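> Just need the structure, nothing else, for what follows:
(chains A, B and C)
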Amino acid sequence: MSISPPRYTATSRVRRGRPYRMLTMFSHEFRRRWGLATAFILVLAYLALIITVAIPVLLAPPGGASLSDFRGLYGSPIWPLLTLLIAAAAGAGSLADDLGSRAITLYLSRPILLLDYLSAKAASVALWVALVAVGPGLVSVLIIYLLGAVPAATAFAAALAFLAVGLASTIFFTGLSLAFSAATSKSLYAGAGIFGVTLSLTGGVAAVTAVSSNPTIRYLDPLTDIQSVAGAAFQSGGVPATDPSLSAILLVAVGLVLGVGAWLRLERVEVVGE
Amino acid sequence: MNGIVDAQAVTKQYGEVLGLNRFTATFGPGITGLVGPNGAGKSTLFRLLAGQLRVDAGTLSVLGRPASTEGPFRRRIGYCPESPALYDWMTGEEFVRTLLQLDGFARDEAAARAATAINTVGLMEARRRRLRTYSKGMRQRIKLAQSLAHDPELILLDEPLNGVDPVGRVHFLSVIRTLARAGRHVIVSSHILYELERLTDHVVLISNGRALAQGNLHQIRGLIDARPHTIELSTPDPRGVARALSTLDHVVAIDFPSPGRLTVRSRAPDAFYQSLPELVVREHLPVTGVYSSDDNLDAVFRYLTE
Amino acid sequence: MSVAQTLTVARMSLKGGLRGFRLLGLGALAAVPSAVVAALAASGAGPSTLANSTESLFLSLTLPVVILLLTLVLFVAQFRTEIEDDTLAYLLARSVPRTEIAVGKYFGALGAALAFSLPATFIPLAVAGAAGAPAPLAAVILSLGTMAFLATMTFGAAYCFLGLITRSALLIGLLVGFLWEELVPLLPGYAPRLTIVFYLRNLAALLVPTGPLSGFSTPYSLPTVIAVPVAVAIVFLGLTAGVFRSREVPPGRTTA
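Numbers count the residues shown, from 1 in each chain, chains lettered A, B, ... in the order given. The predicted structure is shown next:
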């Protein structure tokens, strides 16, 4: 009990800016996703994918390894599965968990814009996805270069190619994860959605293209798009299933549109207390 | 061991966290209040009584049987958990009826009992609405309905008044009293002592997983009142105010913890609060604030644990 | 075991599984194979190609993606959602034994999952038939139905168990479903026998003499390829009931 009259004193008004607040949210979200499951996926991804990249390059005759030998990563069935797994692990709960626990009201009761909140979450998901979509490729290039298996120019070109393909994939999978995560308050449903959409498109398009002469359908499969972009980036030759430029634009554009979709969805969310 | 609930040195740990620490208490017939601050172990005790946790050490009996007994024995106990969570996709009626069917009641009887229980808690109009649309107070009511619908002998109510509006509280307390009059035993928890004072004289005080005191509330209050009551005053003239207060018989000590503050210990807090305004006016004392940290339950527990 | 109480729990789980956003999402997922067959028909596939593609689609999409995800969502949620939402306390406070709760939840989820997985299996056949594909052999229908049923039952039991024991059920479920069940069958030697998909594919090969479903050589008899998934399901259901019986339910995140 207090019957003391209130006294007001000037408190410090020094506040850090938006970048600081976004960085705080980003770092909190990134650390929150760190756990046994994500660690396991990362270890598995780096072991399996480095071996996948390194073997064709190291088995090439001395001095004969070229940029196209690095492409093995994107042809392997492990890469898409691991990328999807990390997208589900880091992305499915990124917004859904906050919606489910109503923590989003705590964030948005602060002087934080919805756009800042979503950007911080997107950055965290993107970094996690990039750790699998880009990281193993770059580490492989570094190892192979340090072993002296390829000249610096080839290694540099391979690193750029991994960055380009990895970034396009990262944008796509980040957008997909955010869209599903914003659509539900249960990360379980969001994770299943991420897998369901990607693999349904892949399986469905594969079945249809086996009997159809219409090549446009292939653009619907994100994994085919990634392979086409990879084919061009690594100069592997052959006829790509889709136009690599168009596929790259599609991956980035769809990822961004899905991200905007997540933003629109969050704008309409009313978190009702119990 | 002849109470409705007998706990002897009950210990419950969650990993390294001690939920209950050699908790010993007997809960008699009628209504018993379980009072303690947040994190004291009230919900842990209820979950043990409801058979959802197992004791790590000690013995805990409910209605003469070990608390962990499964099966038909559970019909003798009604449990209203603290959590506001419900099966949000069900209607209120469906929720209570389904839980009754789980107790083995045939569908028709379950429906009739559900209707009676829902009527008792005053939710008849909302019974066909989805639980997700219920307010916090309505959630508490439907939780109470499911806990009493099967006519149990012992009803465990974990913080049932949380989120209930003042009118709802009166209704809630009246339902609990009616249950007790009908021969039911009720254990009801709260962290607010005065809430339970309106309901029962029998309380068990719990803090840090231990039973600090149990019995008649007035006896416990007497125990508390036997200890000096601490009141803190803020004033620009602590020495002048202290001089004036020292004339009061029941003031046993005055300290000066910081500039502009003084702490008074009184053996008769009621008399102190009566004398203070009079003294302030008569002596023109510049008192700018009165703080009684002893008004909250924490202070009670500090007295009992000191 | 009280059948009435088990059925009440099963009914709760079934109704809980077939509602709201989940119903729409899972319905959309279950509709994917039919949509693909419709797309195949629209792209001018001939009758026999359409029939063969529909059968192949079951092995490439319906079984490894659609049924797997359906069961993952529905069975993991049985315990995980209740633990996270702190609603399990209501069930445990009643006089229904825990074994009945575990079994009831499993069969309720099985009913809900079959309500999606069987249509996801059979409607594509109907779509293909409507588009002019020859009627499938009875053996094909029997084989697809049995595979869908066994897959739902077995993966469901494993996911139910995962949902009970770990907060990372989604990830472990995805790892098991998509890394183990997809990649291990590609390995040489005895490794594929450690997957459920191996037995399901062999079941199809044993039942169907020709066509895409017959393309696996099997070392086992029909009873064996049925018994293994059933045994795995029973083991996981037993584990779920056993763990649930010994499990405590501490105050949840919503309890102070």
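> What are the boundaries of the strands in the stretch 201-306 of chain B?
Along the stretch 201-306 of chain B, counting by DSSP state E, counting those that start in this stretch, strands occupy B:202-207, B:210-216, B:229-234, B:251-255, B:261-266, B:289-291.
> Tell me which residues of the longest one come out buried.
Using 16 or more other Cβ atoms under 10 Å in any protein chain shown as the test for burial, strand B:210-216 gives B:210-215. C-beta: built from backbone N, CA, C; applies to glycine.
> before we move on, what about the fourth one?
By neighbour count on 16+ other Cβ under 10 Å, the buried set for strand B:251-255 is B:251, B:254.
> Same check on the fifth one?
Residues of strand B:261-266 classed as buried under the neighbour-count rule (16+ other Cβ under 10 Å) are B:262-266.
> Nearest to chain C among those residues?
Comparing those against chain C with Cβ to the nearest Cβ picks out B:Thr263 as the nearest, at 30.9 Å.
> residues contacting the closest one?
Neighbouring residues of B:Thr263 by Cβ atoms under 8 Å, 6 or more residues apart in numbering or on different chains: B:230-233, B:253-257.
> from these, which is closest to B:Gln219?
Comparing the contacts of B:Thr263 against B:Gln219 with Cβ to Cβ picks out B:Thr230 as the nearest, at 21.6 Å.
> Wait, that closest one touches B:Arg265, no?
Yes - using Cβ atoms under 8 Å, B:Thr230 is in contact with B:Arg265, at 5.5 Å.
> Point out where the chain drops to low pLDDT.
The chain I'm using is chain A. For chain A, applying pLDDT under 70 flags the ranges A:1-15, A:63, A:270-274.
> my question was about chain B
Using pLDDT under 70, chain B drops low at B:1-2, B:192-194, B:221-227, B:292-306.
> mind listing the helices for it?
Assigned by DSSP state H, the helices in chain B fall at B:42-49, B:92-102, B:107-120, B:136-148, B:166-181, B:193-197, B:217-225, B:238-245, B:269-283, B:297-305.
> what would those helices look like in TSV with mean neighbour count?
TSV is the format used below for those (neighbours: other Cβ atoms under 10 Å in any protein chain shown):
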stretch	mean neighbour count
helix B:42-49	27
helix B:92-102	25
helix B:107-120	18
helix B:136-148	24
helix B:166-181	16
helix B:193-197	17
helix B:217-225	15
helix B:238-245	17
helix B:269-283	15
helix B:297-305	17
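> any chance of those helices in TSV, with distance to C:Pro97 too?
Formatted as TSV, the helices of chain B follow (distance: least, Cβ to Cβ, whole Å):
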stretch	distance to C:Pro97
helix B:42-49	18
helix B:92-102	10
helix B:107-120	18
helix B:136-148	19
helix B:166-181	27
helix B:193-197	34
helix B:217-225	39
helix B:238-245	65
helix B:269-283	53
helix B:297-305	39
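> What residues sit buried inside stretch A:93-110?
Going by neighbour count (16+ other Cβ under 10 Å), the buried part of stretch A:93-110 is A:93-100, A:104, A:107-108.
> Can you name the residues of the stretch 51-200 of chain C sitting close to chain B?
Neighbours of chain B within the stretch 51-200 of chain C, by Cβ under 8 Å from any Cβ of the partner chain: C:85-87, C:89-98.
> Closest to C:Leu162 out of the contacts of B:Thr263?
Distance ranking of the contacts of B:Thr263 against C:Leu162, using Cβ to Cβ, places B:Thr230 first at 54.6 Å.
> Quick one: neighbours of the closest one, just the number.
Neighbour count of B:Thr230, defined by other Cβ atoms under 10 Å in any protein chain shown: 19.
> how about the strands of the stretch 201-306 of chain B, which one is nearest C:Pro47?
Taking Cβ to Cβ, strand B:202-207 is the member of the strands of the stretch 201-306 of chain B nearest to C:Pro47, at 76.1 Å.
> The closest one relative to helix B:42-49, how many degrees between them?
Counting by axes from the mean of the first three to the mean of the last three Cα atoms, to 10 degrees, strand B:202-207 points 110 degrees away from the direction of helix B:42-49.
> Just to check, A:Ser247 is in contact with A:Leu223?
No - counting by Cβ under 8 Å, A:Ser247 sits too far from A:Leu223 to count as a contact (10.5 Å).
> Looking at these two, which is more packed in?
A:Ser247 (26 against 20).
> Leaving out the residues flanking it, which one is nearest to that one?
Of all residues not flanking A:Ser247 in the chain, A:Asp225 sits nearest, at 3.7 Å (Cβ to Cβ, 6 or more residues apart in numbering or on different chains).
> what's around the one you found, how many residues?
28.
> which residues does it contact?
Applying Cβ under 8 Å, 6+ apart to A:Asp225 gives the contacts A:219, A:242, A:247-248, A:250-251.
> can you map out the helices along chain A?
Using DSSP H, helices in chain A cover A:18-32, A:36-59, A:72-75, A:78-101, A:103-108, A:114-133, A:135-146, A:152-183, A:187-211, A:222-233, A:244-268.
> Does the fourth one reach chain B?
Which is helix A:78-101. No - figure legend: helix A:78-101 not in contact with chain B (Cβ under 8 Å from any Cβ); closest approach 11.5 Å.
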